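Q: fold the stuff below for me.
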Amino acid sequence: MRLGEKTLEGYVDLIAPLGSDEHSQWFFNPRLSAIDNGAQELNLGLGYRTLVANGKAIVGVNAYYDSRWTPYNNQVNQWGLGLEALTDSVDARINYYHPEDKRYVIATQDKTTVDTLVQTNTYYDDPYATSHRIDQDGNTTTTTTTTIKQHYDRFEQGMRGYDAEVGVKLPLNLKLTPGESIRRLLRLRRSLRRPRAGSQGPAGDQSAGLSHLRCGGVQQQGSQRHPVLRGSALQCPV
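A: Residues are numbered from 1 along each chain as shown. Below is the predicted model of the structure:
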């Protein structure tokens, strides 16, 4: 469950191994999420990971089908392809998304503008005699009316695009339990708020002048049977 400033999201995410050998693994990744504004999303993914560089790195490829139900009761579908490279210290991923070519109108607006122009041209022809009088023609008035009708559609649709991410492991000791790690980070944060000239941090670095600390990392762990799927992540914003 995720709680934001204006939204609440609940989700279920599962990674199920399909087939493996000593160095590679196929897996199935279904995910279902719902947001309190009425939007729902279903993701079905198939992935493959294998060990390379004598087991020091993992490379993988995946394909996903994504379906999202919007608050306007429209269903937007897309396909996605991804590549990833994972090591003990660096994670790198890139994904491409290709949606279906459909637009859903969610609001319309019609606007009519009427513009009337009245133009008077005054002129006189040469006088002429008729019967027992003299006449002279002139004075013409022209009225022009222009009507403009405009129609606006507001629509939603999936957009083609890509994203990339790179994560770097910080040199912290994450073999501690999550609770103990958080307690140590909080104590470190309090000490860094009031630095003393020439004081030393726990890693031997000068901590004078520091006012905050953000940390996160990945500790690889697991069994020999499924080395490609092993790993656990811990992120501790303080």
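
Q: so the residue nearest the centre of the chain: helix, strand or coil?
A: Nearest to the mean C-alpha position of the chain, counting by C-alpha atoms, centre = their mean, stands Asp163 at 8.6 Å. What DSSP: H, G, I helix; E, B strand; the rest coil gives for Asp163 is strand.

Q: partner residues bridging it?
A: Beta bridges link Asp163 to Asn95, judged by DSSP bridges.

Q: what does the model give it for pLDDT?
A: pLDDT for Asp163: 93.

Q: repeat that for Gln78.
A: For Gln78, the pLDDT comes out at 94.

Q: contacts only, for it.
A: Gln78 sits next to Tyr65, Asp66, Tyr97, His98, Pro99, Glu100, Gly158 when contact means C-beta atoms under 8 Å, 6 or more residues apart in numbering. Glycine gets a C-beta too; all of them are placed from N, C-alpha and C.

Q: sort out for me which of the residues you listed are in strands.
A: Per DSSP state E, strands hold the following members of the contacts of Gln78: Tyr65, Asp66, Tyr97, His98, Pro99.

Q: could these go into JSON lines alongside neighbour count, pLDDT and distance to Gly138?
A: Shown next, in JSON lines, are the ones in strands among the contacts of Gln78 (neighbours: other C-beta atoms under 10 Å; pLDDT from 0 to 100; distance: C-beta to C-beta, whole Å):
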{"residue": "Tyr65", "neighbour count": "13", "pLDDT": "94", "distance to Gly138": "78"}
{"residue": "Asp66", "neighbour count": "18", "pLDDT": "93", "distance to Gly138": "75"}
{"residue": "Tyr97", "neighbour count": "17", "pLDDT": "94", "distance to Gly138": "72"}
{"residue": "His98", "neighbour count": "13", "pLDDT": "94", "distance to Gly138": "71"}
{"residue": "Pro99", "neighbour count": "17", "pLDDT": "93", "distance to Gly138": "68"}
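
Q: so which of those residues is the closest to Gly167?
A: Tyr97 (20.3 Å; C-beta to C-beta).
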